[in-house]
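Participant: give the three-dimensional model of this entry:
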Amino acid sequence: PILAKNLVAYLGSSEAVFKEKALTLSKIPEIGKVLSEKIISQHDDAFKRADKEIEFIQKNNIKALFYADEEYPYRLRECEDSPIVLYVLGNADLSNTKMLSMVGTRKATDYGKNLCDNFVREIACLVPNSTIISGLAYGIDIAAHRAALKHQIPTIAVLAHGLDRIYPEFHRDTAKKII
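Facilitator: Have a look, this model is predicted:
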């Protein structure tokens, strides 16, 4: 993400990155000859993959937020290595002022799950309008999402993979409730 943002900053747009000549790309700091030639050599393939991605997100009502878009979460934009694009499915307020990320062990004990549920219940009472963020993974992540749903707090699942699948599959019903 850092190099991609650097390219866009130097060239003015993401489209310009793929239209520029290798020699010009190679002069941009941290790009060099090898990377510039790789960008040029993958030009046609990159656009084919992009077309497929656009078709997929349109078909599935997914919103793609480019890091320069106004809707891109302002706090995430401040991170140097933030993702270039966020894919959003559902209605998520990504700029809520009260966000709480809850992650933990994948092998949560009953005690840990109960503690998570109690914590989210307290957040619901003491910090209204909060949003719980987690990873939809096994353990504390899924416990946090389920507790947020139970206590009627908005929750956002941040996936380490694309929106073309839900992993673990066992969490599909919870993912649908989140959406």
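Participant: can we go C-alpha only for contacts and neighbour counts from here?
Facilitator: OK.
Participant: okay, and the helix or strand of the protein with the least pLDDT?
Facilitator: helix 14-19 (a mean of 83; mean pLDDT, DSSP states H and E).
Participant: find the nearest non-adjacent residue to the residue most central in space within the chain, please.
Facilitator: Central residue of the chain (C-alpha atoms, centre = their mean): residue 86, 4.5 Å from the mean position. With sequence-adjacent residues excluded and distances taken as C-alpha to C-alpha, 6 or more residues apart in numbering, residue 86 is closest to residue 65, at 5.1 Å.
Participant: show me what whichever strand or helix holds the one you found is packed against.
Facilitator: Residue 65 belongs to strand 63-66 when assigned by DSSP states H and E. Contact here means 3 or more C-alpha pairs under 8 Å, 6 or more residues apart in numbering; DSSP states H and E; on that basis strand 63-66 packs against strand 85-88.
Participant: partner strands of whichever helix or strand comes after the strand it packs on, with direction?
Facilitator: Heading C-terminal from strand 85-88, the first helix or strand you meet, by DSSP H and E, is strand 99-101. As defined by DSSP bridges, the strand partners of strand 99-101 come to strand 131-134 (parallel).
Participant: where do the helices of this structure begin and end?
Facilitator: Using DSSP state H, the helices of the chain run over 2-11, 14-19, 22-26, 32-41, 43-59, 74-77, 110-126, 140-150, 172-178.
Participant: how about those helices, which one is nearest residue 162?
Facilitator: Closest approach to residue 162 among the helices of the chain (C-alpha to C-alpha): helix 43-59, 10.4 Å.
Participant: now do that closest one, average pLDDT.
Facilitator: For helix 43-59, the mean per-residue pLDDT is 86.
Participant: give me the contacts around that helix.
Facilitator: Residues external to helix 43-59 that are found in contact with it (C-alpha atoms under 8 Å, 6 or more residues apart in numbering): 18, 63-64.
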